[in-house]
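Peer 1: below are the sequence and a predicted model for it; my questions follow.
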Amino acid sequence: EIDFSGATVSLANFREGPALPSDAVFYLVATDGADDIAALPENQSAYARQGLTRGYNFIVDDMADGQTPDKQYLVARLVYTGPAPEARIINEGRIAGLAFVSNSAGWLADHSYESADLNIREKEGGWEYASFGGADAGWQRIETGAHLDLTSSHLMLGRTAKRVREDGSLLYGGFIDAGFGHYGVRGDFGGAGQVSGRGNLRTVGLGFMTRRVRADGLRLEASLRGGQLRNRFRSYELTDTDGNITRYDLRVPYFGGHLGIGKEKKLSGKDRLDILLRYYYARQNGKTITLHTDERVDFAADESHRLRLGTRFTRQKNEYRYWYVGAALEYEFDGKARGIADGQYRLGEPDMGGLTGVLEVGGVAKPKPDSRFSAEYGVQFYAGKRSGLSGGIRLAWRF
């Protein structure tokens, strides 16, 4: 009797090429003569990847061959062909780009209105103009089914026009913005175990925003933005049989925007309470790439839909200085990255959907009441589906 107890069976990855037939069987050991297999190896299954994106599961078993009835065989029998679980890391790089675009849309709405409106004189009648600029930086960990760590910064420069009348005010603005980011992601998706990836992000775009504030404190606002997103990804652990790493360099259009409604209520003295509801939208276009193994990956267009409900308390120290503290709950309804390998194998889908809590503190100041220059500064803390912090300073000047 042949005793395999305590032994294990492993399979090396296959070189890229045509898929194995669904009934493939690998003959590992043949008994000699009439010997029987008394005990099978310790592991009853084995896994192997072909190329970078196709995975195989095998059952390790004994088998008799009808043509040679006096022998038994130890075999690995193919039972499943599909996407390699660890190839999901390719999609994790894509969701980093979506998170990057989505975050920048949020920073625009949450802070840039203040800096755009900060230095325009409240003179009733005609239009008044001002310029503004700002910079933000932050770090977040986003749970997507893996751990995604995203470090990013954004720069913005714009011009606004405002008209004040008895029934309230109307603000228009246009801007250019640029973003720079770095990310790292790691996770265990099954298959070959834990894999990681990293990459760099860059955006350049244009945008438009508007806000209407009524005399009773009701506020309506909206923004649109768009440009090009570049995402350079690499994974040193997802490799082919020659040890070459997985990488891609994507350039795709992105779009974003938001709609918001809020109401400001005056409290005692110079204190104010602001309640707001905002919807944020972001999209990165899809694209088809070919990896170095000649495997094709079709990335779908990915979208983010977020809803935020929050409040902000503001205390004004004097006519040109105030500070604020705010809190909000935010829910991501979509936030998935989707990709298909070789037209048939759907890669694992990272998902950043879920609930996040936000706490913010900051302030606004001018050097003196009639100054043409002003600044806003603030820090935001995140907990939940997204965790981390961000902060920045935004400047405005009138000329």
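Peer 2: Yes, it's here.
Peer 1: hang on, Ile95 in a strand?
Peer 2: No: looking at Ile95 with DSSP: H, G, I helix; E, B strand; the rest coil, it is helix, so not inside a strand.
Peer 1: report the contact partners of the closest residue to it other than its chain neighbours.
Peer 2: Closest residue in space to Ile95, ignoring its immediate chain neighbours: Ala337 at 3.8 Å, by C-beta to C-beta, 6 or more residues apart in numbering. Quick note: C-beta positions are derived from backbone N, CA and C, even for glycine. Ala337 makes contacts with 91-92, 94-95, 98, 299, 302, 349-350, as judged by C-beta atoms under 8 Å, 6 or more residues apart in numbering.
Peer 1: likewise Gly363?
Peer 2: With C-beta under 8 Å, 6+ apart, Gly363 has these contacts: 321-324, 376-378.
Peer 1: rerun that using 10 Å as the cut-off
Peer 2: Contact partners of Gly363, counting by C-beta atoms under 10 Å, 6 or more residues apart in numbering, are 314-315, 317, 321-325, 375-378.
Peer 1: in which helix or strand would I find Phe175?
Peer 2: According to DSSP states H and E, Phe175 maps onto strand 168-188.
Peer 1: in the following helix or strand past that strand, which residues are buried?
Peer 2: Where DSSP H and E defines the elements, the next helix or strand beyond strand 168-188 is strand 194-214. Neighbour counts over strand 194-214 (16 or more other C-beta atoms under 10 Å) mark 195-199, 201, 203, 205, 207, 209, 211, 213 as buried.
Peer 1: with distance to Ala87 and pLDDT as new columns, can those residues be given to me in a markdown table?
Peer 2: Output for these, formatted as a markdown table (distance: C-beta to C-beta, whole Å; pLDDT from 0 to 100):
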| residue | distance to Ala87 | pLDDT |
| --- | --- | --- |
| Val195 | 9 | 90 |
| Ser196 | 13 | 92 |
| Gly197 | 11 | 93 |
| Arg198 | 16 | 95 |
| Gly199 | 16 | 95 |
| Leu201 | 21 | 96 |
| Thr203 | 26 | 95 |
| Gly205 | 31 | 94 |
| Gly207 | 35 | 92 |
| Met209 | 40 | 89 |
| Arg211 | 45 | 89 |
| Val213 | 50 | 87 |
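Peer 1: dump the contacts of Ala337 into JSON lines; add neighbour count, secondary structure and pLDDT as well.
Peer 2: Listed next are the contacts of Ala337 as JSON lines, based on neighbours: other C-beta atoms under 10 Å; DSSP: H, G, I helix; E, B strand; the rest coil; pLDDT from 0 to 100:
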{"residue": "Asn91", "neighbour count": "28", "secondary structure": "helix", "pLDDT": "93"}
{"residue": "Glu92", "neighbour count": "30", "secondary structure": "helix", "pLDDT": "93"}
{"residue": "Arg94", "neighbour count": "29", "secondary structure": "helix", "pLDDT": "93"}
{"residue": "Ile95", "neighbour count": "29", "secondary structure": "helix", "pLDDT": "93"}
{"residue": "Leu98", "neighbour count": "26", "secondary structure": "helix", "pLDDT": "93"}
{"residue": "Phe299", "neighbour count": "24", "secondary structure": "strand", "pLDDT": "94"}
{"residue": "Asp302", "neighbour count": "27", "secondary structure": "strand", "pLDDT": "94"}
{"residue": "Glu349", "neighbour count": "18", "secondary structure": "coil", "pLDDT": "89"}
{"residue": "Pro350", "neighbour count": "30", "secondary structure": "coil", "pLDDT": "91"}
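Peer 1: many thanks, have a good one.
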